[in-house]
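>>> heads up, no residue letters with this:
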């Protein structure tokens, strides 16, 4: 059976993060805390950061400023912090809202990629900082807008299922 396109993308992502981890490492205190695993999906006693969403399962750790794209473009500048998953850089979103925020980001990310063509490293870093701040602000605004007509998941409405 062939892996799905989304699984291939996820595998590529984890390979990239592992390469950064080997190259840049983590501070010792953080290395002790993190057992390297799928850090995009969190199974813990947390709740989706989106206002009005009460989902506590299948949460994804989301970098507010979409830091991954900047880490790919300027790894020596952005990758070391990216792999540390700082609490002030991240929020937890359920799968639905994690996908939604990336759709919300898409036009700005497209605009960013058009703007960076031909920039020098100094100008590129400045441009990355501008867009990172813009995407972070978009995320902060996104999570503050209350979910309208939020339908509880079928799992909860069907009597609930224990969270893995």
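Yep, that arrived. Just so it is clear, the structure is predicted and the values come from calculations on it, not from any experiment.
>>> so residue 117 versus residue 73, what's the distance?
Using CB to CB, to the nearest Å, we find residue 117 at a distance of 12 Å from residue 73. C-beta here means a position set from N, CA and C on the backbone, and glycine is covered the same way.
>>> residue 120 too?
13 Å.
>>> go on, residue 93?
Applying CB to CB to residue 93 and residue 73 gives a distance of 23 Å.
>>> if we can go back for a sec, who's more crowded, residue 120 and residue 73?
residue 73 (18 against 8; other CB atoms under 10 Å).
>>> so where does residue 128 fall, helix or strand?
helix 121-144 (DSSP states H and E).
>>> elements contacting that helix?
For helix 121-144, the packing partners by 3 or more CB pairs under 8 Å, 6 or more residues apart in numbering; DSSP states H and E come out as helix 67-73, helix 75-82, strand 90-94, helix 95-115.
>>> tell me the mean pLDDT for stretch 117-131?
Regarding stretch 117-131, the rounded mean pLDDT is 94.
>>> what about the residue most central in space within the chain, which SS state?
Among the residues of the chain, the one closest to the centroid is residue 62, at 2.7 Å (CA atoms, centre = their mean). Per DSSP: H, G, I helix; E, B strand; the rest coil, the secondary structure class of residue 62 is strand.
>>> can you tell me which of the helices and strands packed on helix 121-144 comes nearest to residue 48?
Residue 48 lies closest, by CB to CB, to one member of these: strand 90-94, at 4.1 Å.
>>> can you name every helix or strand that that closest one contacts?
Short answer (3+ CB pairs under 8 Å, 6+ apart): strand 90-94 packs on strand 59-63, helix 121-144.
>>> go again with 7 Å.
strand 59-63 (3 or more CB pairs under 7 Å, 6 or more residues apart in numbering; DSSP states H and E).
>>> quick one: strands adjacent to the strand it packs on?
With DSSP bridges as the test, strand 59-63 is paired with strand 41-42 (antiparallel), strand 90-94 (antiparallel).
>>> may I see the buried residues of the last one?
Of the residues in strand 90-94, those buried by neighbour count under the rule 16 or more other CB atoms under 10 Å are 90, 91, 92, 93, 94.
>>> which helix or strand in this structure has the lowest average pLDDT?
helix 154-157 (a mean of 47; mean pLDDT, DSSP states H and E).
>>> how about low-confidence regions in the protein?
1-8, 27-45, 149-164 (pLDDT under 70).
>>> same thing but at 90, please
Within the chain, the segments meeting pLDDT under 90 span 1-46, 57-58, 84-87, 121-122, 147-164.
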